[in-house]
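>>> Pasted the sequence and its predicted model underneath.
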Amino acid sequence: MNVQCQTVTTVVPYRTLDYPNGAYLKDLDNEFPFWLGTWEGTADNKKYTFTFVLFQKHLRTVPSGRYEFKDKVVGKLKVTDLATNQVIYDESSFANFDDYIIKGNVIYGREFYFGFYDKENHCNNSADFTLVRYDNNPNQILYKNFSYGEYFTLDGPCPYNDQLDIPMFLPKVDLMLTRQ
């Protein structure tokens, strides 16, 4: 006796709003490749190195039992103090999706909106920022609109009294990032 089972996943464009359970939201319009790779910029005597990678067909489930596969851009961050040449923050060694602290949320026109979700040692702090693409220079993007996200600690007490006391390593000022 020989039994074979084949599941067929419905593939839909990434921006599709209405799709069946289990669908694959794929970057069919090739919006993501531009953003991928390593980008660097300096501000406040610090060098910020962002590395963005693509996870294809990442499984996302919700408590209702609904699930989808989705192409997702995620990022890593490394911060170097230029005065001492010391690395003061480094999340650049990640390889597993769940370890990444920067998640691409949505592309709207020339802007890509990101969320930053820090680890437990920084009280699960969060922030948002935007990257802006310029057609006249494909090797530069503008980092802008840093803002703190909602603050609540999920895993026990936080040693900080205020969200602004928690170390935040994202730049809080606008800066130009250059493709490396």
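It's in.

>>> Strands of this structure, residue ranges please.
Ranges of strands in the chain, per DSSP state E, are 11-13, 24-26, 37-43, 46-61, 67-81, 86-90, 102-108, 111-117, 126-133, 140-148, 175-179.

>>> what's the average pLDDT for the fifth one?
Which is strand 67-81. Averaging pLDDT along strand 67-81 gives 97.

>>> can you check the second one too?
Within the predicted structure, the mean pLDDT of strand 24-26 is 96.

>>> what packs against that strand?
Using 3 or more Cβ pairs under 8 Å, 6 or more residues apart in numbering; DSSP states H and E as the contact test, the elements touching strand 24-26 are strand 11-13, strand 46-61, strand 67-81. Glycine gets a C-beta too; all of them are placed from N, C-alpha and C.

>>> Out of those, which is the most enclosed?
Ranked by mean neighbour count, the helices and strands packed on strand 24-26 are led by strand 67-81 with a mean of 19 (mean count of other Cβ atoms under 10 Å).

>>> and that strand, C-alpha only, in PDB?
Presented in PDB, the C-alpha positions along strand 67-81 are these (Å, rounded to 0.1, in the frame of the first residue of the first chain):
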ATOM      1  CA  TYR A  67      -2.200  30.800  10.200                       C
ATOM      2  CA  GLU A  68      -0.300  32.100   7.200                       C
ATOM      3  CA  PHE A  69       3.100  32.000   5.600                       C
ATOM      4  CA  LYS A  70       4.700  35.400   4.900                       C
ATOM      5  CA  ASP A  71       7.900  36.800   3.600                       C
ATOM      6  CA  LYS A  72       9.300  38.900   6.400                       C
ATOM      7  CA  VAL A  73      12.200  41.400   6.500                       C
ATOM      8  CA  VAL A  74      14.000  41.400   9.900                       C
ATOM      9  CA  GLY A  75      17.000  43.300  11.100                       C
ATOM     10  CA  LYS A  76      20.000  43.300  13.400                       C
ATOM     11  CA  LEU A  77      21.700  46.200  15.000                       C
ATOM     12  CA  LYS A  78      25.300  46.900  16.100                       C
ATOM     13  CA  VAL A  79      26.400  50.200  17.700                       C
ATOM     14  CA  THR A  80      30.000  51.300  18.000                       C
ATOM     15  CA  ASP A  81      31.200  54.200  20.100                       C
END
